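Enquirer: below: sequence and its predicted model.
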Amino acid sequence: IYNLYDLLRYNIKVCQELCDALDIHCFRIEVPIAPTPDRTH
């Protein structure tokens, strides 16, 4: 189990460093925006 945790931590760190170097977002979770009421009916 410790090896799995270490492997995941390493992969996340590598992904973060690559994204920083390439200036891109690796993981982005967007909060859904509540739809505005439609008043055309």
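Expert: Okay, I see it.

Enquirer: count the neighbours of Cys19 for me.
Expert: Residues lying near Cys19 (other C-beta atoms under 10 Å) number 13. To be clear about C-beta, it is placed using only N, CA and C from the backbone, and glycine gets the same treatment.

Enquirer: tell me the pLDDT of it.
Expert: Note on Cys19: pLDDT of 88.

Enquirer: that one: helix or strand, and which one exactly?
Expert: Using DSSP states H and E, Cys19 maps to helix 2-22.

Enquirer: so what secondary structure elements neighbour that helix?
Expert: Contacts defined by 3 or more C-beta pairs under 8 Å, 6 or more residues apart in numbering; DSSP states H and E place helix 2-22 against no helix or strand at all.

Enquirer: how near is Val14 to Val31?
Expert: 27 Å (C-beta to C-beta, to the nearest Å).

Enquirer: now do Leu18
Expert: For Leu18, the distance to Val31 - C-beta to C-beta - is 25 Å.

Enquirer: comparing the two, which shows the higher neighbour count?
Expert: Neighbours were counted for Leu18 and for Val31 using other C-beta under 10 Å; Leu18 has more, 11 against 5.

Enquirer: name the nearest residue to the more buried one, ignoring sequence neighbours.
Expert: Nearest non-adjacent residue to Leu18, counting by C-beta to C-beta, 6 or more residues apart in numbering: Cys26, 7.4 Å away.

Enquirer: surely that neighbour is in contact with Cys15?
Expert: Yes - taking contacts as C-beta atoms under 8 Å, Cys26 lies within contact range of Cys15: 5.0 Å.
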